[in-house]
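> I would like to see how this sequence folds:
(chains A and B, ligands or ions: 2)
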Amino acid sequence: MNVCVTVNGKVYERVVEPRLLLSDFLRHELNLTGTHVGCEQGVCGACTVLLNGDPVRSCLIFAVQAHEQEIMTVEGLAPAGTDKLHPLQEAFRDAHGLQCGFCTPGFLLTLLPFIEENPNPTEQEIREALSGNLCRCTGYQNIVKAVKLAVETAERGE
Amino acid sequence: MATRYFGEPIKRNEDPRLLKGEALFVDDVHLPEMLHAAFLRSDYAHARLKGIDVSAALEHEGVVAVYTADDLGDYWQPGPLLVPPPPVERLTFHQRTQVPLAKDKLRHVGEPIAVVVATSRYIAEDALQDIELDVEPLTPVVGLESALESDAALVHDGLDSNLAAHVIQEKGDYAAIRAKAEVLIKRQFVYDHGAAAAMENRGVVADWDSKAQQLKIWDTTQAPIPIRNGLAAMLGLSESQVQVIAPFLGGGFGPKIMMFYPEEVVVPWIAKQLGRPVKWIEDRQENFFATTHERSQIHDSEIALSKDGRILGVSDTFLHDTGAYAPYGLTVPINSQCTLLGPYDVPHYYSEFKAVFTNTVIVTPYRGAGRQHGVFVMERLLDIAAKELAIDRVEIRKRNYLKPDQFPHNHEIIYQDFAPLIYDSGNYLPALERAAEMIDYDNFIKTEQPQLMKQGKCVGLGIVSYVEGTGIGPYEGARVKVDASGKINVATGVGTQGQGHFTSFAQIVAEQLGVDIEHIRVVTGDTSEFGWGCGTFASRGAVVAGNAIHAAAVRVRKKVLKHASEHLEAAEEDLVLEGGKAFVKDVPTKSVSLGELAQMSNPLRGAVKPGSEPGLEATDYFGPERGATASGVHAMIVEIDPETMMLEIKKYIVVHDCGKVINPMILEGQIQGGVAQGIGNAFYEELVYDDDGQLTNASFMDYLIPTANDVPTVESDHVETPSPLNPLGVKGAGEAGAIPVGPLFAQAIEDALSGFNLEILKIPVSPGKLFELLQESGDGAQ
Ligand code: FES
Ligand code: FES
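Ligands and ions are numbered 1, 2, ... in the order given. Now for the predicted structure:
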């Protein structure tokens, strides 16, 4: 089947098997390997990408379902062509919100719309927002801290 | 030195790549013409394998090859015994290690039987369905106690029983002191650990270049060098023909240092057979069946005390589930046996264990590696003793701690590193006092708790101690080199799985050479960069590799100073290394950059002085005489909902002592992550086998690892007792967070439900199990 998607602003067209998962399509067909796969059961959230701005688990949808839609992956976060990080990425680094970093792309893409919609979240709201993503290394504490930091930075308009 | 690097919370060098999705993980490796492997695994816990027919699978379009044990020929060999039994006098050990693909017999669900190689993973998995097996099911061996009954089925036909090992270690004379003891307390404890469940599953990619006669392997291993050495030997290649790369790993926690997993042996062989790159990536379900676990021990324990709560001796006899094979020897049960003694002065100790083969997944170390089990037993015995003797639980610990003047302290038994269990250093009281202060112990038990209880709230406090043997030998090595650009290259053999080695190792070098850490490139886990070493286990990265790096950096510093002193015509003592330069103290204009010195020491013309080496480079090694003993105290306050038995952690304190700290930010992260895993182990996670030997909860839907809603904010502090056994004075910290959480939960829950006279003797507990316990403890009435 033919699939045509826009990923991080770039249009890709490929012929794929209908059963090909979006996660595999991104990783192995488009070589965008920043999206990780931890379970393929829809539980861990490592494979989270934005589909038309909403976080989705790319291991739970087929590539063909994303036909003519817009996707954002972790590779699309930082401003292209620079050494810079996105403020959310920066906050993760400052707060030591990642250890092995395997879960991190999924957290970043889950959090991006959350922060936009919740400019002033409570700790409990942050934890709720994170609770669909698993991290085995950090104990989440520094991820929560990173979100707070990112929110503060955004507030100061930096 | 003006700028300090060692001991600072410096941001991590590796983060930008990880955050941008640019870091290479094994599954990110793409090679032209690459094929994909999928393994057919046993559905039976125990069965005779009488025949395999792969013909239909071979006909599948896109399938390139299918292999079974017979196809491997002489390459089929049981795996090596990684850790031979330590030199303990009273020890029996029956060596049985895993095989690449099952022949004749299936010994656990998930054991690999055949492998399909195809143009895509999807096709390979399709073709698995077409392999026909002729199988005769046998009685599965599941329970630990029943496995040793005389009529039990045998996991390994050649043995008389399912006994894998029997070990007795003794200190003093427990029987004699028991006869004199004023108080004896005896209980049975069960401690079950779980799946490491690193977010990244395992994987192997192998590529044989027949023209260059080179084999290149990417492997999610914590021990790339031993993997290279082993594979070279098995494949009849020279070690220099094999390169193993452990790139970024998505968490390790122990099971990724199992060697050799069947897939690790089979995939490189296939790549060589077919002359094409082959990739195998484990999926999550396979991870539950094919990656090693750590599971259950049953302890029958007794503590002998004086009336005033002083420990006279401890006796502990336990069964240890080793699964279907025991490639890791006795590491896990020996850790339990040795760590049980904890920070306490135990003059008499009798310890005996039997390791048992069962038809379940192999048991090898997972973060804590058996230490949890031992700590649980000792802490629980002390809690029960405190209750019976009406001594405060903090007080009973204080009375039994080893005193600072008792170090080094010899426990007179043999540890997992084959050396006598000698604690190098420690000072336990300050950590306990600090933790009690941070949790506001006195106020809580005297005022707050009674008040809240009156309001009908079930609140409780837990406070427990532990020690952790870390940083054991044999050795690690490192090479430090100043490039002509002035950047520093550091190579070491250990693999890294998220511990921040790219930064902490750079800090060690920066401290010596005065170069900012962003100019220090650390390479770990690539055998072509550094070919000597063992791997990341037993919280040893910072201790053993860290000290090797330190030693190499010290030597490079000497070379730099010597060259700079000649060049600047100044005495070495007057030179300062800072900002990538050497300059004369108080005359910063009189300077030369490290890059220039590197160029001068490696000239294209002229001559390097006779007797001197070119370049600013040094290689060094570090092998500690024995492990460094870290320690700590965890304390927490919980509230339990008496209706649902759900538990909320109100406060969590860790006070730890891991000697000198390289990077406190990274250390805190390790502790927080460890605590989260400990909480999972204590309250959420359990690998549930049914009587048929089927693992009934092999998915993240059913095996619950803690989420952000389940773990608290950990407040921590540290005490610093440097280790005298290494120049940096560091001790390992990687496992500390996870070790004492089980007994902490048990104590806090008992405290919160004190009206029920409950005794928690099993980990994990869970809301459901708590409810059952309450029913048993007398109709649940307060
Ligand atoms: S890989 Fe998609 S949710 Fe885990
Ligand atoms: S940082 Fe390793 S899983 Fe989250």
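
> Give me the domain ranges for the chain.
In the absence of a named chain, this looks at chain A. A:2-76, A:87-155 (automatic domain parsing).

> The chain in question should be chain B.
Taken from automatic domain parsing, chain B resolves into B:31-138+B:196-290, B:296-472+B:625-776, B:473-491+B:500-622.

> Please work out which of the domains of chain A is packed deepest.
Most buried of the domains of chain A, by mean neighbour count (mean count of other C-beta atoms under 10 Å in any protein chain shown): domain A:87-155, with a mean of 22. In short, each C-beta sits where N, CA and C put it, glycine included.

> Tell me how far it lies from the chain's centre.
How far domain A:87-155 lies from its chain's middle: 11 Å, per C-alpha atoms, centre = their mean, to the nearest Å.

> and it with chain B, contact?
Yes: Domain A:87-155 lies within reach of chain B by C-beta under 8 Å from any C-beta of the partner chain, at A:89, A:92-94, A:96, A:98-105, A:108, A:126-128, A:130-144.

> Only the buried residues of stretch B:707-714, if you could.
B:707, B:708, B:710, B:711, B:712, B:714 (16 or more other C-beta atoms under 10 Å in any protein chain shown).

> and what of stretch B:628-642?
For stretch B:628-642, the neighbour count (16+ other C-beta under 10 Å) marks B:628-640, B:642 as buried.

> do the same with stretch B:6-18
Buried residues in stretch B:6-18, counted by 16+ other C-beta under 10 Å: B:6, B:8, B:10, B:11, B:12, B:13, B:14, B:15, B:16, B:18.

> Could you list the paired strands of the helix or strand hosting residue B:355 along with their orientation?
Per DSSP states H and E: residue B:355 is located in strand B:348-357. Sheet pairing for strand B:348-357, assigned by DSSP bridges, gives strand B:163-171 (antiparallel), strand B:311-323 (parallel).

> Just name the most buried of those.
The highest mean neighbour count among the strands paired with strand B:348-357, using mean count of other C-beta under 10 Å, belongs to strand B:311-323: a mean of 24.

> can I get the strands paired with strand B:348-357 in CSV with distance to ligand 2 and mean pLDDT?
As requested, the strands paired with strand B:348-357 are arranged in CSV below (distance: least, C-beta to the nearest ligand atom, whole Å; pLDDT from 0 to 100):
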stretch, distance to ligand 2, mean pLDDT
strand B:163-171, 33, 96
strand B:311-323, 25, 97
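
> all helices in chain A, in order from the N-terminus.
A:22-24, A:87-94, A:104-117, A:123-130, A:141-155 (DSSP state H).

> between the ones you listed, which gets nearest to residue B:593?
Relative to residue B:593, the nearest member of those by C-beta to C-beta is helix A:87-94, separated by 28.3 Å.

> pLDDT below threshold where in the chain?
Unless you meant another one, I'm taking chain A. Residue ranges of chain A with pLDDT under 70: A:158.

> My question was about chain B, not that one.
B:1-3, B:535-541, B:604-611, B:778-782.

> Tell me which residue of it lies closest to chain A.
Closest contact between chain B and chain A, by C-beta to the nearest C-beta, is at residue B:21 (1.8 Å).

> mind checking the backbone torsions on the closest residue to that residue other than its chain neighbours?
Spatial nearest neighbour of residue B:21, excluding adjacent residues (C-beta to C-beta, 6 or more residues apart in numbering or on different chains): residue A:34 at 1.8 Å. Here is the backbone geometry of residue A:34 (degrees, to the nearest 10): phi -70, psi -30.

> and residue A:34, what is it in contact with?
By C-beta atoms under 8 Å, 6 or more residues apart in numbering or on different chains, the contact list for residue A:34 reads A:73, A:74, A:75, A:105, B:20, B:21, B:22.

> what about the residue lying closest to the last one once chain neighbours are set aside, distance to ligand 2?
By that I understand residue B:22. Once flanking residues are discounted, residue B:22 sits nearest to residue A:34: 7.0 Å by C-beta to C-beta, 6+ apart. Distance, residue A:34 to ligand 2, by C-beta to the nearest ligand atom, to the nearest Å: 14 Å.

> any idea which of the buried residues of stretch B:6-18 is closest to ligand 2?
residue B:18 (8.4 Å; C-beta to the nearest ligand atom).

> Quick check: phi and psi at the closest one.
phi -70, psi -40.

> which residue sits closest to it, ignoring its sequence neighbours?
Leaving out its chain neighbours, the residue that sits closest to residue B:18 by C-beta to C-beta, 6+ apart is residue A:101, at 3.1 Å.

> Verify the stated contact: the one you found with residue B:248.
Yes: contact criterion C-beta atoms under 8 Å: residue A:101 and residue B:248 qualify, at 6.8 Å.

> Can you give me the distance of residue B:701 to residue B:433?
44 Å (C-beta to C-beta, to the nearest Å).

> From the opening residue of stretch B:424-444 to its closing one, how far?
35 Å (C-alpha to C-alpha, to the nearest Å).

> List the buried residues of that stretch.
Neighbour-count burial for stretch B:424-444 [16+ other C-beta under 10 Å]: B:424-429, B:431-436, B:438-441, B:444.

> mind listing what residue A:112 touches?
Here residue A:112 is in contact with A:50, A:55, A:77, A:88 (C-beta under 8 Å, 6+ apart).

> Take the domains of chain A and write them to a markdown table, including distance to residue B:45.
As requested, the domains of chain A are exported to a markdown table (distance: least, C-beta to C-beta, whole Å):
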| stretch | distance to residue B:45 |
| --- | --- |
| domain A:2-76 | 23 |
| domain A:87-155 | 27 |
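
> Just tell me which of the ones you listed ends up closest to residue B:341.
The minimum distance between residue B:341 and the domains of chain A falls on domain A:87-155, with 28.0 Å, by C-beta to C-beta.

> Tell me the buried residues in the biggest helix by length in chain B?
Secondary structure of chain B read by DSSP H shows that its longest helix is helix B:546-568. By 16+ other C-beta under 10 Å, the buried positions in helix B:546-568 come out as B:546-557, B:559-565, B:568.

> Could you list every helix and strand that that helix packs against?
strand B:476-482, strand B:488-492, helix B:501-513, strand B:575-578, strand B:581-584, strand B:587-593, helix B:594-600, strand B:617-622 (3 or more C-beta pairs under 8 Å, 6 or more residues apart in numbering or on different chains; DSSP states H and E).

> Give me the distance between it and the centre of its chain.
33 Å.

> now the angle between helix B:501-513 and it, please.
40 degrees (axes from the mean of the first three to the mean of the last three C-alpha atoms, to 10 degrees).

> okay, the angle between helix B:546-568 and strand B:617-622?
Following the same axes, to 10 degrees, one obtains 150 degrees for the angle between helix B:546-568 and strand B:617-622.

> Could you tell me the angle between helix B:546-568 and strand B:587-593?
110 degrees.

> and the helix or strand containing residue B:672, is it in reach of chain A?
Secondary structure from DSSP H and E places residue B:672 in helix B:664-679. Yes: contact of helix B:664-679 with chain A is found when judged by C-beta under 8 Å from any C-beta, involving B:665, B:666, B:668, B:669, B:670, B:672, B:673, B:674, B:675, B:676, B:677.

> can you check stretch B:238-246 too?
No: counting by C-beta under 8 Å from any C-beta, chain A has no neighbours in stretch B:238-246; the shortest distance is 12.2 Å.

> okay, how far is it across that stretch, tip to tip?
End-to-end distance for stretch B:238-246: 19 Å, by C-alpha to C-alpha.

> Which residues does it contact?
B:213-225, B:227-229, B:231-232, B:235, B:495-496, B:524-528, B:531.

> same question, stretch A:22-30
By C-beta under 8 Å, 6+ apart, the surrounding residues in contact with stretch A:22-30 are A:3, A:7, A:12, A:14, A:16, A:20, A:32-33, A:35, A:37, A:40, A:47, A:49, A:58-59, A:61-63, A:65-66, A:71, A:73, B:27-28, B:30.

> Okay, and which of these map to strands?
Secondary structure assignment by DSSP state E places A:3, A:7, A:12, A:14, A:49, A:71 of the contacts of stretch A:22-30 in strands.

> Many thanks, have a good one.
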